[in-house]
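fold the following.
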Amino acid sequence: MNHLENLKLKPEQLRLVCQPEECPCTSTREITPLEGVIGQDRAMRAIDLGLNIQKFGFNIYVSGLPGTGRSTSVDRAVVELAARLPVPDDWCYVYNFAEPDRPNALRLPPGKGREFRRDLKNLLEELKLEVPRSFESKEYEEQRNEIMHYLQEARQKALNALQEKVAGEGFTLKQTPTGLVLLPSQDGKPLSDAEYEKLGPTEKDFFRQKQEKLRHDVSAMIRQVRDLEKEAKELVHKLDLDTGNYLLNHHFQELLQKYAELPEVAAHLDQVRQQLLDHIHDFMEKEEAEVVPGLKLPTQPPSFLPYQVNLLVDNSQAQGAPVVWESNPTYFNLVGRQEYRPHLGSFLTDFTLIKAGALHRANGGFLILQANDLFYNYFSWAALKRCLKNRAIRIEDLAEQFHLISTTVSRPEPIPLETKLVLIGNPYIYQMLFAWDEDFSRLFKVKADFDHRIERNPGGIKQYAAFVSRHCREKNLLPFDCSALGKIVEYGSRLVADQKRLSSQFASIVAILEEADYWARQTSAARVGGAEVRRAIEERVYRNNRIEERLREMVADGQILIDDRGAVVGQINGLAVLTLGDYAFGRPSRITVRTFVGKEGILDIERETKMSGPIHTKGVLILSGFLGERYAHTEPLTLSASVCFEQSYEEIDGDSASSTELYALLSSLAELPIRQDIAVTGSVNQKGEVQAIGGVNEKIEGFFEVCKLRGLTGEQGVIIPRANIQNLMLKEEVVEAAAAGRFHVWAVSQIDEGIEILTGVATGQRQPDGSYPPDTVNGRVARKFQKLNSYYTLSQRPRRSGRKPADRKRARIKK
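Numbers count the residues shown, from 1 in each chain. So this is what the prediction gives:
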């Protein structure tokens, strides 16, 4: 069994120490701070491609784990590119005189939007002063009075002519509140009602006939006067138009020349000019209306709202293309909103209450969103896709679709969208969207995949040191010496559980840097050393391992049954990993196997009680394949066995215990005791090859802590898959114990190697005749299968008489 010593790992294999000669400097002050990110060439090439292709659908999904520098890398790349791009145009909403509920969108060069708004505002202010002044001027009054004088003379002339004619016919024309009235008269004086009643029928009939004829003349005169008034009104209106035109031409000529190269703006100015001309008297102060004598009610002031400009996007101060990070991508924060103001118990809106969203602000530039933030908000993803597909931003009232009664709302003209979208998320969201959203692959054609690890080589170590240097300078940390850098490098390998690689999840590295700086300052040190980094790591573990300590206490108290001494048939110590947030730890678990006569095969108690996942179930089923391949060449297996994780009260999944279960199964079949001072982890396939598993460091340390609690004997240890050797970055305490011979780690590649370590008995090779040597593990197992098969065969044979007991009883009576 001397060959088993070769399976025992040397202390230097348990942790790859960063030697002083590997450090590129003696202090972080001596190395140039890092520029950019480490080891993300693949992702950065993808980002560069996506940012520079200005075609439909070339938006970017940045995939990676948190802390890998996704946001920092994206921000740096986008800001650098945006600075070289032109400033995008301004956008304004203005009143639509043809369709007031559909405001028009105007596009202006950067900075012109603010000028346009200011120009129209100044125009209104000037008109409010100049219009009353012009209409109150001496020239205007003279021309208006001339028209009124002409009207008065013509009206009086017509009235005089009518009165002469009426008087010649024996009537008097009298003005009343209801109009002109013809009254019979004598000697030029109108008759009273009493005098008229004294007249005879012939006289009355005479007056009646005359009155009927004169009434047509009165009506003709009234029509003539009305025509005169209409003519005067038209003359006054023409005078007002001429006066208004003179004023407006003076102002609008300059504006139209200024915006002549912007046809849509010039067209809007023409409409504004016409509206101002049509409502020129709105600039005049109106008197209060007297509804009741002595009681005047205030008049509604004219609205100048249609002449205002809603500057939606103002790029007057921008340099380069905009870069917008939206941390709260709600529906309204993305596509904008229409605000409302209260009015007489209701709510009104207009184009000046339209507010821009992140898509408006990022138009012509870049919009960066976090996928988690986006999907926390209802309606946001659908709205974002709709804008990207239609290449336009349409502001809609989200509540409108839920109203039972249709209401009048403003529907602003959509604004063309020219934005590059960068969505940052984890790989799981990417897979979900790719699988379930048919639009996702068309809208996000570029995937930038950030790796969570980089190579541990001289170049990677130098970049690690440069990163530490940069963070120390940015956060004003103490410099880190060579020993501290070595511990940081080792911690980076521990995070990814790989001696050949380092973690690129720098959020975790940064936390250790800042905590190590804190502990160094507590001792007034001038620099951070390896001891401070080690303490920072240990303190982080201590803050998170309360549950781990409680479980170890339960082992010490005998509440959780774990043996670390002796040997037992069909019983073995397996290893599992528990994860609590950002802290994971290993703990041993007793696994027992019982074998007996039957044809049921291997019964997994966890599966039967629905406490195991599909991967664990697969691992158990593989055991049947292994047993069949090795022991059932000439006859079928006859076996019933139960496998159980003792004192397990949570769901179990994964196949890392399949080799452990197989060892216990072979022990029960061969009736060979298994060492309880050795714990086992590893997956197995049907050929008996031991395969790599995850969490190897936590599992070894978990069993080490239990053994240390009861006292290290020098015989205890853990069997792991040989494929996991490069994943070993054990705590220094475990490495020191291994160097002192108080704890051991074996690495195996075959089940045969592991069972020999656990039982101390040779596995045994198959002989030419298909049998195994009798005193080997395989020989004992094969012999046990033969016994189980014979016992089962005997149990299934019918009784010799072939008759039932009742039949024999009737035969004896017959005799």
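
now do stretch 336-343: distance to the chain's middle.
Distance of stretch 336-343 from its chain centroid, counting by CA atoms, centre = their mean, to the nearest Å, is 27 Å.

list the contacts for the closest residue to residue 443 other than its chain neighbours?
Among residues not flanking residue 443 along the chain, residue 388 sits closest, at 5.1 Å (CB to CB, 6 or more residues apart in numbering). No exception for glycine: its C-beta is placed from N, CA and C like everyone else's. By CB atoms under 8 Å, 6 or more residues apart in numbering, the residues touching residue 388 are 59, 417, 421, 443.

and residue 388, that one's in a helix?
Yes - according to DSSP: H, G, I helix; E, B strand; the rest coil, residue 388 belongs to a helix.

okay, now residue 381: neighbour count?
Burial of residue 381 is recorded as 19 neighbouring residues (other CB atoms under 10 Å).

using the three-state scheme, assign it.
helix.

measure it to residue 757 for me?
55 Å (CB to CB, to the nearest Å).

and residue 363, by the same measure?
From residue 363 across to residue 757, the span is 68 Å (CB to CB).

higher neighbour count, those two?
residue 363 (25 against 21).

pretty sure that one sits in a strand.
No - applying three-state DSSP, one finds residue 363 to be coil, outside a strand.

tell me who's in contact with it.
Going by CB under 8 Å, 6+ apart, residue 363 touches 88, 91, 313, 322, 393, 415, 417-419.

stretch 623-640 spans what distance, first to last residue?
End-to-end distance of stretch 623-640 (CA to CA, to the nearest Å): 13 Å.

residue 313 contacts residue 113, doesn't it?
Yes - if you go by CB atoms under 8 Å, residue 313 and residue 113 touch, sitting 7.2 Å apart.

those two: which has the busier surroundings?
A side-by-side neighbour count of residue 313 and residue 113, using other CB under 10 Å, places residue 113 first with 25 against 22.

helix or strand: which one has that one?
Residue 113 belongs to helix 112-135 when assigned by DSSP states H and E.

send me stretch 37-49 as CSV with only the CA atoms.
Below are the C-alpha coordinates for stretch 37-49, written out as CSV (Å, rounded to 0.1, in the frame of the first residue of the first chain):
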residue,chain,number,x,y,z
VAL,A,37,-9.6,47.3,-16.6
ILE,A,38,-7.8,44.0,-16.1
GLY,A,39,-8.2,41.0,-18.4
GLN,A,40,-11.4,42.0,-20.2
ASP,A,41,-10.2,42.2,-23.7
ARG,A,42,-13.0,40.1,-25.1
ALA,A,43,-15.7,42.3,-23.4
MET,A,44,-13.9,45.6,-24.4
ARG,A,45,-13.7,44.6,-28.0
ALA,A,46,-17.4,43.9,-28.0
ILE,A,47,-18.2,47.2,-26.4
ASP,A,48,-16.0,49.0,-28.9
LEU,A,49,-17.8,47.3,-31.8
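
quick one: buried residues of it?
Residues of stretch 37-49 classed as buried: 37-40, 43-44, 46-47 (neighbour count, 16 or more other CB atoms under 10 Å).

greatest separation within those: which pair is it?
Greatest spacing in those, by CB to CB: 38 and 46 (16.5 Å).

returning to what we had before: so how far is residue 6 from the residue nearest to residue 443?
Look at residue 388 and residue 6: by CB to CB, they are 61 Å apart.

residue 249 too?
Distance, residue 249 to residue 6, using CB to CB: 103 Å.

of those two, who's got more company?
Neighbour count, other CB under 10 Å: between residue 249 and residue 6, residue 249 has more, with 13 against 9.

please identify which helix or strand holds that one.
Assigned by DSSP H and E, residue 249 belongs to helix 201-258.

how about residue 43?
Element membership for residue 43 (DSSP H and E) is helix 41-52.

that helix - what's its average pLDDT?
Averaging pLDDT along helix 41-52 gives 94.

next SSE downstream of it?
Where DSSP H and E defines the elements, the next helix or strand beyond helix 41-52 is strand 60-63.

which helices and strands does that following strand pack with?
For strand 60-63, the elements it packs on are helix 41-52, helix 70-82, strand 420-425, helix 427-436, strand 446-449, judged by 3 or more CB pairs under 8 Å, 6 or more residues apart in numbering; DSSP states H and E.

surely residue 491 and residue 506 touch.
No - between residue 491 and residue 506 there is no contact under CB under 8 Å: 11.7 Å.

what residue spans form the domains of the chain?
What the record gives for the chain is the domain set 2-39+451-544, 115-189+202-287, 549-795, from automatic domain parsing.

pLDDT on the second one, on average?
In this model, domain 115-189+202-287 has a mean pLDDT of 77.

residue 621: which element?
Using DSSP H and E, residue 621 sits in helix 614-631.

okay, buried residues for that helix please.
Buried residues in helix 614-631, counted by 16+ other CB under 10 Å: 616-617, 619-620, 622-624, 626-627, 630-631.

now do stretch 562-577
When burial is assessed from 16+ other CB under 10 Å, stretch 562-577 yields the following buried residues: 562-564, 567, 569-577.

quick one: end-to-end distance for it.
16 Å.

and stretch 626-640, by the same measure?
15 Å.

can you pull out the residues in contact with it?
Stretch 626-640 is contacted from outside by 595-603, 624, 662, 665, 684-688, 751, 770, 778, 781-782, 785, 788-789, 792-793, using CB under 8 Å, 6+ apart.

any idea how far that stretch is from the chain center?
In terms of CA atoms, centre = their mean, the centre of stretch 626-640 is set 54 Å apart from its chain centre.

next one: stretch 95-113
When C-alpha coordinates are averaged (CA atoms, centre = their mean), stretch 95-113 and its chain have centres 32 Å apart.

now stretch 368-386
In terms of CA atoms, centre = their mean, the centre of stretch 368-386 is set 5 Å apart from its chain centre.

ok, stretch 114-121 next?
Stretch 114-121 sits 38 Å away from the centroid of its parent chain (CA atoms, centre = their mean).

now it: buried residues?
In terms of neighbour count (16+ other CB under 10 Å), stretch 114-121 has its buried residues at 114-117, 119-120.

what do you get for stretch 309-326?
Of all the residues in stretch 309-326, those buried under the rule 16+ other CB under 10 Å are 309-315, 318, 320-326.

from those, which two are the most distant?
309 and 325 (28.2 Å).

the residue nearest to residue 411 when sequence neighbours are not counted: neighbour count?
Spatial nearest neighbour of residue 411, chain neighbours left out: residue 102 (5.3 Å); criterion: CB to CB, 6+ apart. Neighbour count for residue 102, taken as other CB under 10 Å: 12.

three-state assignment of residue 102?
Assignment for residue 102 (three-state DSSP): coil.

my read: it touches residue 96, true?
Yes - if you go by CB under 8 Å, residue 102 and residue 96 touch, sitting 5.1 Å apart.

any common contacting residues for those two?
Common contacts of residue 102 and residue 96 (CB under 8 Å, 6+ apart): residue 413.

what about residue 576, helix or strand, and which?
Per DSSP H and E: residue 576 is located in strand 571-580.

then residue 734?
Per DSSP H and E: helix 732-739 holds residue 734.

after that helix comes which helix or strand?
Next element after helix 732-739 (DSSP H and E): strand 744-748.

quick one, that next one and helix 732-739 angle?
Counting by axes from the mean of the first three to the mean of the last three CA atoms, to 10 degrees, strand 744-748 lies at 80 degrees to helix 732-739.

fine by me, we can end here.
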